[in-house]
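**Q** Sequence unavailable; structure follows:
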């Protein structure tokens, strides 16, 4: 959700999470708001976020687009609900067990998995949006896991944001196709790169790059220098 003040002449959109699930007037609904959100997610999963429109969702539900506006005021409402719905897949949250770093890494793996299942979700992170209850629950669970850490609240907020950013980055690489390789490229003009590639490959690390990156960043952000 954006905290910026609305521009002159611009009416700030009320959060869909603060409004009734449907309007009080009109005949009994044929579909619930949950049905609408599920249909929109199915479209986004198969055809991408650009394919999600009120008309497309209505067609999938075999109803008229106008009927959806009894539940939602705009496509923005629908996108907010979609993001919060897939956030339910981050559950169950790890129980605090004294090892906050392990707990946060488990949260990071869950975040990455959700973004791999729903590649369109990363696009929503770049738009002003209303924060829903599931997103708040995830943030609260992260803070609960980090409760034993003697770091500032700001440092913990930064840790959650960094953890999420790294998770999205790795998920996008996973869903974006094959990884980049130097095979077949002439690197003779680049001596440092050529020397590095000429070395015998080392044994792969016991922990994959994603987990090493998360552990290093979280430890660096939340652990005092003298304890690192």
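**A** Ah, there it is. As the structure is a prediction and not an experimental result, all values here were calculated from the model.

**Q** So which elements touch the longest helix seen in the chain?
**A** As far as residue count goes, and with DSSP state H defining each element, the longest helix of the chain is helix 153-175. Counting contacts by 3 or more CB pairs under 8 Å, 6 or more residues apart in numbering; DSSP states H and E, the secondary-structure elements packed against helix 153-175 are helix 100-117, helix 121-124, helix 133-145, helix 209-222. Heads up, the C-betas are built off the backbone N, CA and C, glycines and all.

**Q** can we see that at 7 Å?
**A** For helix 153-175, the elements it packs on are helix 100-117, helix 133-145, helix 209-222, judged by 3 or more CB pairs under 7 Å, 6 or more residues apart in numbering; DSSP states H and E.

**Q** Now those helices in TSV, please, with extra columns for distance to residue 192 and mean neighbour count.
**A** Listed next are the helices and strands packed on helix 153-175 as TSV, based on distance: least, CB to CB, whole Å; neighbours: other CB atoms under 10 Å:
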stretch	distance to residue 192	mean neighbour count
helix 100-117	31	19
helix 133-145	39	17
helix 209-222	21	16
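
**Q** Which one of the ones you listed lies nearest to residue 71?
**A** helix 133-145 (17.2 Å; CB to CB).

**Q** what's near enough to touch residue 123?
**A** Shown here is residue 123, whose contacts under the criterion CB atoms under 7 Å, 6 or more residues apart in numbering are residue 49.

**Q** Which strand or helix spans residue 63?
**A** Element membership for residue 63, per DSSP states H and E: none, as it lies in no helix or strand.

**Q** I'd like to know how many residues surround it.
**A** For residue 63, the neighbour count with other CB atoms under 10 Å is 17.
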